[in-house]
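Asker: What follows is a predicted structure for the sequence shown.
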Amino acid sequence: DQQVKQNSPSLSVQEGRISILNCDYTNSMFDYFLWYKKYPAEGPTFLISISSIKDKNEDGRFTVFLNKSAKHLSLHIVPSQPGDSAVYFCAASNFGNEKLTFGTGTRLTIIP
Amino acid sequence: DAGITQSPRHKVTETGTPVTLRCHQTENHRYMYWYRQDPGHGLRLIHYSYGVKDTDKGEVSDGYSVSRSKTEDFLLTLESATSSQTSVYFCAIRAPTILTGELFFGEGSRLTVL
């Protein structure tokens, strides 16, 4: 039972354009969401997070949007740069829970 | 960067042999985790620890055991490795700020079971 789903295994975007990565979840108890970025042969690194009391969180070129009614979140990267090419994982948890549940990942390729 | 080291980084073994992966942290964090990454499955939690000698199962714990005898080390053991355990294994530690819950990951251990 995949509680966190990333339905697009891969995405290609032109450099300078917007990249939009999507994530859906099924567990209504989740109230904290994170995005991780992973380069080949490295461990995932934390990118940005959002709690359920917000619907948007921004950090530089990265913005995460949360739609609780649709159980959907998205990561926007503007403008996209070649260094953004990586696998992106969304993850979810609830406050007080020590565990994160991850999605299957989306491989983003930025085309120069 | 969080001080996490995993060893070995690469290992090839045969079916039926025991394997132990080690995770060492220098951050003195309470929580430590073992995940495996597989194509089409993302990152799945195997076991985690919330203190010395305190561990619990994750979603894919069958065939794995863990031990934590001191804060800085978290060991993952495959008692009798199978080909389905071929994977990349990541150790992670959790930042102490409960509001964020961010995990910091090691660089991974690639295990191939022939």
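Answerer: Arrived safely.
Asker: Around whichever residue of chain A sits closest to chain B, count how many other residues there are.
Answerer: With C-beta to the nearest C-beta, the shortest gap between chain A and chain B falls at A:G43, namely 3.2 Å. Just so you know, the C-beta spots here come from the backbone N, C-alpha and C atoms, and that holds for glycine as well. By other C-beta atoms under 10 Å in any protein chain shown, the residues close to A:G43 number 22.
Asker: show me the contacts for it.
Answerer: Applying C-beta atoms under 8 Å, 6 or more residues apart in numbering or on different chains, we find A:G43 in contact with B:I4, B:F90, B:A92, B:F105, B:G106, B:E107, B:G108.
Asker: Name the residues of chain A found near chain B, please.
Answerer: A:4, A:6, A:9, A:32, A:34, A:41-46, A:49, A:51, A:89, A:91, A:93, A:95-96, A:98-105 (C-beta under 8 Å from any C-beta of the partner chain).
Asker: Looking at those residues, which are in strands?
Answerer: Taking DSSP state E as the definition of strands, those contribute A:V4, A:Y32, A:L34, A:T45, A:F46, A:S49, A:S51, A:F89, A:A91, A:S93, A:T101, A:F102.
Asker: Show me what the second one is bridged to.
Answerer: Beta-bridge pairing of A:Y32 under DSSP bridges involves A:S51, A:S93.
Asker: Quick check: closest non-adjacent residue to B:A81.
Answerer: Nearest non-adjacent residue to B:A81, counting by C-beta to C-beta, 6 or more residues apart in numbering or on different chains: B:V113, 4.5 Å away.
Asker: wait, is B:S84 part of a helix?
Answerer: Yes - counting by DSSP: H, G, I helix; E, B strand; the rest coil, B:S84 is part of a helix.
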